[in-house]
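> Need a 3D model of the following:
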Amino acid sequence: MQITFSKMWREHQYLTRLAIVIALIASSLSGQSLSHPRAVALGGAFTAIPEGVFSVSSNPANLAFPSTYNSYFYLGGIDWQLTNNFYSLLTSSKYGGEDLTVGELQQEFIKDLPDEGWRTNSSINVPMPIINFSKGNKAFTTNIIYTADYYISKPALDVIFGNWEKGVEYKTDLRIDAMTAIEYAYSMGIPYDNLAVGFSLKYYQGLGYYGLDPDSSSGLIMVNTDDFVLTGSGDFLFRQSGAGRGVGVDIGLTYRDKSGLDIGFCVQNIAGLIKWNSRMGSSVLKFMGRQVKDGLLFKNSDLDLPFEGESYRYQFAFRNINADKLFGGDSSYKEFFYSKIDTIAKDSRVFTTKLPLVLRFGMAKQMSDDLLVAMDFSTSFRDRFNYNQGWRLSMGVEYTYLPKTPFRFGLAVGDISGWEINLGSGLHLGFAHLDWAIGFHRGIWLHTAQGFHFSLGSYFTGKHKTK
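Down below sits the predicted model:
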């Protein structure tokens, strides 16, 4: 049985609008992704094969082996990824701008929503020019990262859009993480015959963060089976900060067989965390908040948060809402619904955001002088900061019959992108190099894809190849 609480939602449509903002406006935000165009084009099958400065974000052990060039200087680039598990241009044309709180379109929208909930991720990484370089077995990198990760559980979506059923408990699970930071990394590879180990020591300078505290945010709503009475409550802690600092360590291992088979293993974000001061704001934090309030889709003026570093605690409770009383009389839902927002302006407590631990295993083989085949398996242990708690399988091919314009192709299954198809190439003229890659998530056509990945990078190399 379904009941549409149209009267209640029409009085405060900002609840519905806010849900759509959380799921969609992340497209104007950005996030943590440290991939080079070559890695993106190969679908992420890159753990065993990176060279020079590009080993830092994939497997620092590869710095220990001789690379094509003795030195690499990153001139500039951008890595942008946007993905979700529901929305595409096709669904946008179908549901965008419509009232999804009533009618047949509401029922169709609810039916189309993924059972695992609605998650939207976006990421941009901008390597700083010149100060991203490697020489020999050492590298130093500096990257600006801006991450946004939003999740609304299916029960929470049912509550927001009025899809109520008797005897069902609705756990209103929400997750929000948005962060801007500068990552500094010093990396080194140490060789030992055909084996090499490597490490990256990373320091994070946090510039802005907002999100829900996962340990202090929960909600539950129950519909009584007998008389259809709603009961429930929720407590959510929303935190902000404009200043933070943190650390992390990556450790890699690579083995190169005489037959040409390369095997790589890497553990990323060991002890990775950032500590934030919750009472500090910044211009970067205000900019991040403005993307949610003003956005590209529509202005969400009902979200009245200044984004100046305060913490907010939102509590709500349903006080035995009866459908007959609510819709049969003149009573306002406010007589049955309690909500409260407390501003914690002087909260000086330090809170910590943990970076997900990631394991990567890869193999690659040079099948011929101009054909390279690679495969990767990776997994993470936390649904946060654009990582998914689960596995990912990647396969890639690089064909260099024309060395100045290589052709790269990759496939991947799993993780936040679901499944994706990637394509890339480059232009290599002497010491000047330009690489690009693009990938489509959960669809091969522009109007059906539910995400994309674009990467562009230019770099200089040393004039002489190593032998």
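> packing partners for the helix or strand containing Gln291?
When elements are assigned from DSSP states H and E, Gln291 belongs to helix 283-293. With contacts defined as 3 or more C-beta pairs under 8 Å, 6 or more residues apart in numbering; DSSP states H and E, the packing partners of helix 283-293 are strand 174-192, strand 195-212, strand 229-241. Heads up, the C-betas are built off the backbone N, CA and C, glycines and all.
> Minimum distance to Asp415: which of those has it?
strand 174-192 (16.3 Å; C-beta to C-beta).
> Can you report how many residues lie near Leu393?
Leu393: 17 surrounding residues under other C-beta atoms under 10 Å.
> roughly how far apart are the closest residue to it other than its chain neighbours and Trp391?
Of all residues not flanking Leu393 in the chain, Val413 sits nearest, at 5.1 Å (C-beta to C-beta, 6 or more residues apart in numbering). According to C-beta to C-beta, to the nearest Å, Val413 and Trp391 sit 9 Å apart.
> what comes up buried for the helix holding Gln291?
Across helix 283-293, burial judged by 16 or more other C-beta atoms under 10 Å covers Val284, Leu285, Lys286, Met288, Gly289, Gln291, Val292, Lys293.
> now swap in stretch 74-92 and tell me
Neighbour counts over stretch 74-92 (16+ other C-beta under 10 Å) mark Tyr74, Gly77, Asp79, Trp80, Gln81, Leu82, Thr83, Asn84, Asn85, Phe86, Tyr87, Ser88 as buried.
> Go through these and say which is closest to Ser58.
Ser58 has its nearest neighbour among these in Asp79, at 12.8 Å by C-beta to C-beta.
> mind checking how far the closest one is from Ser311?
32 Å.
> The residue nearest to Leu393: neighbouring residues, count only.
Neighbour number of Val413 under other C-beta under 10 Å is 14.
> Enumerate every residue touching it.
Residues near Val413 by C-beta atoms under 8 Å, 6 or more residues apart in numbering: Arg392, Leu393, Trp419.
> same check, this time on Gly198
The contact partners of Gly198, by C-beta under 8 Å, 6+ apart, come to 55, 59-64, 187-190, 251-254.
> For my notes, confirm Glu108 occurs in a helix.
Yes - looking at Glu108 with DSSP: H, G, I helix; E, B strand; the rest coil, it is inside a helix.
> beta partners of the residue nearest to Leu393?
Residues in a beta bridge with Val413, per DSSP bridges, are Leu393, Trp419.
> Against Pro50, how distant is the residue nearest to Asn163 when sequence neighbours are not counted?
Nearest non-adjacent residue to Asn163, counting by C-beta to C-beta, 6+ apart: Ile110, 4.8 Å away. With distances taken as C-beta to C-beta, Ile110 is found 44 Å from Pro50.
> In the chain, what helix or strand scores lowest on average pLDDT?
helix 6-11 (a mean of 38; mean pLDDT, DSSP states H and E).
> how close does the residue nearest the centre of the chain get to Leu42?
Central residue of the chain (C-alpha atoms, centre = their mean): Asn386, 2.3 Å from the mean position. Counting by C-beta to C-beta, the gap from Asn386 to Leu42 is 19 Å.
> Same check on Pro191?
24 Å.
> of the two, who's got more company?
Leu42 (32 against 17).
> Quickly find the element holding the nearest residue to that one once chain neighbours are set aside.
For Leu42, ignoring the flanking residues on the chain, the nearest one in space by C-beta to C-beta, 6+ apart is Gly396 at 2.8 Å. Using DSSP H and E, Gly396 sits within strand 391-399.
> got the buried residues for that strand?
Arg392, Leu393, Ser394, Met395, Gly396, Val397, Glu398.
> and what of stretch 267-279?
Gln268, Asn269, Ile270, Gly272, Ile274, Lys275, Trp276, Asn277, Ser278, Arg279.
> I'd like to know which of those residues is nearest to Asp435.
Proximity of the buried residues of stretch 267-279 to Asp435 (C-beta to C-beta) peaks at Gln268, which lies at 22.1 Å.
> ok, the closest one to Asp415 distance?
Distance, Gln268 to Asp415, by C-beta to C-beta: 14 Å.
> Arg382 too?
Counting by C-beta to C-beta - Arg382 and Asp415 are separated by 12 Å.
> And stretch 272-289, end to end?
25 Å (C-alpha to C-alpha, to the nearest Å).
> Now that stretch: average pLDDT?
The pLDDT scores in stretch 272-289 average 82.
> Same question for stretch 44-56.
Regarding stretch 44-56, the rounded mean pLDDT is 92.
> how many other residues sit next to Ala39?
Using other C-beta under 10 Å, Ala39 is surrounded by 30 other residues.
> what's the nearest residue to it if we skip its chain neighbours?
Phe46 (3.9 Å).
> next one: Tyr74
Per C-beta to C-beta, 6+ apart, closest to Tyr74 is Asn132, 3.5 Å.
> just to revisit the earlier point, next, the residue nearest to Ala39: secondary structure please.
Phe46 is classified as coil under three-state DSSP.
> So what does it have for phi and psi?
phi -140, psi 0 (degrees, to the nearest 10).
> Verify the stated contact: it with Ser58.
Yes - in this structure, Phe46 is within contact of Ser58 by C-beta atoms under 8 Å, at 4.9 Å.
> Next, count neighbours for the residue nearest to Tyr186 when sequence neighbours are not counted.
Leaving aside its sequence neighbours, Tyr186 sits nearest to Leu201 (C-beta to C-beta, 6+ apart; 5.1 Å). Leu201 has 14 neighbours, counted by other C-beta under 10 Å.
> contacting residues around Leu201?
Ala185, Tyr186, Ser187, Val247, Val249.
> ok, now Asn62?
So Asn62 contacts Ala48, Ile49, Pro50, Glu51, Ser55, Gly189, Ala196, Gly198, Gly252, Thr254, Gly264 (C-beta under 8 Å, 6+ apart).
> where along this protein do the helices fall?
Counting by DSSP state H, the chain has helices at residues 6-11, 14-24, 37-41, 89-95, 103-112, 154-160, 283-293, 323-328.
> what's the distance between Pro60 and Ser134?
Counting by C-beta to C-beta, the gap from Pro60 to Ser134 is 10 Å.
> now Ala148
For Ala148, the distance to Ser134 - C-beta to C-beta - is 30 Å.
> cool, Phe109 as well?
50 Å.
> Who has more neighbours out of those two?
Ser134 (25 against 20).
> got the contact list for the more buried one?
Shown in contact with Ser134 (C-beta under 8 Å, 6+ apart): Gly52, Val53, Ser55, Val56, Leu63, Ser71, Tyr72, Phe140, Ser187.
> and it, what pLDDT?
94.
> With adjacent residues omitted, what lies nearest to it?
Val53 (3.9 Å).
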